[in-house]
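Enquirer: next comes the sequence, and after it the predicted model I'd like to discuss.
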Amino acid sequence: MRTTTAPASPSAARGLVLAAHPGPALAVTVLSGLLAAAQDLEPSLAVLVVAAVLAGQLTVGWSNDLVDVARDRQVHRADKPLATGAVSVPTVRLACIGAVVLCIVLSMGLGVAAGAVNLLCVASAWAYNLGLKSTAWSWVPYAVSFGALPAIVTLADGQAPPWWWPVGAALLGVAAHLLNVLPDLADDAATGVRGLPHHLGPRRLPPVAAAVLVAASAVVLLGAGAPLLVSAAVGAVVLMLAAVVVVGPGRVPFVCAIVIALGDATLLVVAR
């Protein structure tokens, strides 16, 4: 039987990292850094933005696995450290509480407006974890959290974001939600989770997600006003990745969505 007082083993530390959903957390954190570069934030402020976003993402990942631990054990999710026992519930709970406190402190360091928006993003993601994921409104937290992300960066600099930043980001968030759930549709159905992706079903979901990704990139290309050759090259890559989204297996479509999101954010920096 595990004890909570023993030092964490290397495997437990690895389990703690995996329970934070490191792929999506890192992608959102890098996205915030690219937006900070596009906004020309001072280095110290940019670091604070990235740290606040990362802390929030850690709370989202850990709380997700804490809420879902019983369901994950029910369907024997081998990729979930809490379900396999690779890390204990008390350890993840303590880490999550620490990340919540750190997120609040770092957010307030950004100023009232930017800090409040970052906390809104985190609260929206927690709402998904705590129940909205099982409803047809499961896409809303992703639209809100991703759509508000650019405002964290610009408000930290005392400015409102241009309209196409939150619109493009919100569309990317919805697509990421659809594709992140795609490999887990059967397991979710077995445990009573029926969000928008489940209503769409495995056949309609990939083309719908691909269309949303293309729409998001079109918004970014329109708003960025990049040179024609750059826009054409980015558009071609987006269309190729969108095609992979439709036919790709497993987590490949979700990875494509992340690549498109990071590519769109990079375009902001280049085109600025």
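Expert: Right, received. Where do you want to start?
Enquirer: so what's Val153 up against?
Expert: Residues touching Val153, when contacts are defined by C-beta atoms under 8 Å, 6 or more residues apart in numbering, comprise Ser32, Leu35, Ala36, Ala38, Gln39, Leu41, Val49, Ala114, Pro161. For the C-beta atoms, the positions are set from N, CA and C on the backbone; glycine is no exception.
Enquirer: could you rerun that using 7 Å?
Expert: Ser32, Leu35, Ala36, Gln39, Leu41, Val49 (C-beta atoms under 7 Å, 6 or more residues apart in numbering).
Enquirer: what comes up buried for the worst-scoring helix or strand of the chain on mean pLDDT?
Expert: When the helices and strands of the chain are compared on mean pLDDT, DSSP states H and E, helix 185-190 comes out lowest with a mean of 76. Using 16 or more other C-beta atoms under 10 Å as the burial criterion, the residues of helix 185-190 that qualify are Leu185, Asp188.
Enquirer: is it true that Pro197 touches Val181?
Expert: Yes: with the criterion set as C-beta atoms under 7 Å, Pro197 and Val181 qualify as a contacting pair; they are 4.1 Å apart.
Enquirer: with neighbour numbers in mind, choose between these two.
Expert: Each of Pro197 and Val181 has its neighbours counted (other C-beta atoms under 10 Å); Pro197 has more, 25 against 21.
Enquirer: next secondary structure after the helix or strand containing the more buried one?
Expert: Here Pro197, judged by DSSP states H and E, is contained in helix 196-224. For helix 196-224, the following helix or strand on the C-terminal side (DSSP H and E) is helix 228-247.
Enquirer: how far out from the middle of the chain is that next one?
Expert: Taking C-alpha atoms, centre = their mean, to the nearest Å, one finds the center of helix 228-247 at 21 Å from the center of the full chain.
Enquirer: what's that helix in contact with?
Expert: The contact list for helix 228-247, computed with C-beta under 7 Å, 6+ apart, reads 179, 206-207, 209-210, 213-214, 217, 221, 252-253, 256-257, 259-260, 263, 267.
Enquirer: can you tell me which of those residues are buried?
Expert: Neighbour counting with 16+ other C-beta under 10 Å marks 179, 206, 209-210, 213-214, 217, 221, 253, 256-257, 260, 263, 267 as buried within the contacts of helix 228-247.
Enquirer: chain center to stretch 153-173: distance?
Expert: Per C-alpha atoms, centre = their mean, the displacement of stretch 153-173 from the mean C-alpha position of its chain is 15 Å.
Enquirer: for stretch 124-139, same thing?
Expert: Per C-alpha atoms, centre = their mean, the centroid offset for stretch 124-139 relative to its chain is 13 Å.
Enquirer: assign Asp79 to helix, strand or coil.
Expert: Local secondary structure at Asp79 is given as coil here, using DSSP: H, G, I helix; E, B strand; the rest coil.
Enquirer: those helices in the protein, which residues are they?
Expert: Listed from the start of the chain, the chain has helices (DSSP state H) covering 10-19, 22-38, 43-74, 81-84, 89-108, 112-129, 139-156, 164-181, 185-190, 196-224, 228-247, 252-271.
Enquirer: mind saving the C-alpha coords of stretch 216-236 as CSV?
Expert: As requested, C-alpha coordinates have been extracted for stretch 216-236 and formatted as CSV (Å, rounded to 0.1, in the frame of the first residue of the first chain):
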residue,chain,number,x,y,z
ALA,A,216,-9.6,29.6,-37.9
SER,A,217,-6.6,29.9,-40.2
ALA,A,218,-8.6,31.9,-42.7
VAL,A,219,-9.4,34.4,-40.0
VAL,A,220,-5.8,34.7,-38.9
LEU,A,221,-4.6,35.1,-42.5
LEU,A,222,-7.2,37.8,-43.2
GLY,A,223,-6.4,39.7,-40.0
ALA,A,224,-2.6,39.3,-40.2
GLY,A,225,-2.4,40.8,-43.7
ALA,A,226,0.7,38.7,-44.5
PRO,A,227,2.4,38.9,-47.9
LEU,A,228,0.6,36.9,-50.6
LEU,A,229,3.3,34.3,-50.9
VAL,A,230,3.4,33.7,-47.1
SER,A,231,-0.4,33.5,-47.0
ALA,A,232,-0.4,31.0,-49.9
ALA,A,233,2.2,28.9,-48.3
VAL,A,234,0.5,28.8,-44.9
GLY,A,235,-2.9,28.1,-46.6
ALA,A,236,-1.4,25.2,-48.5
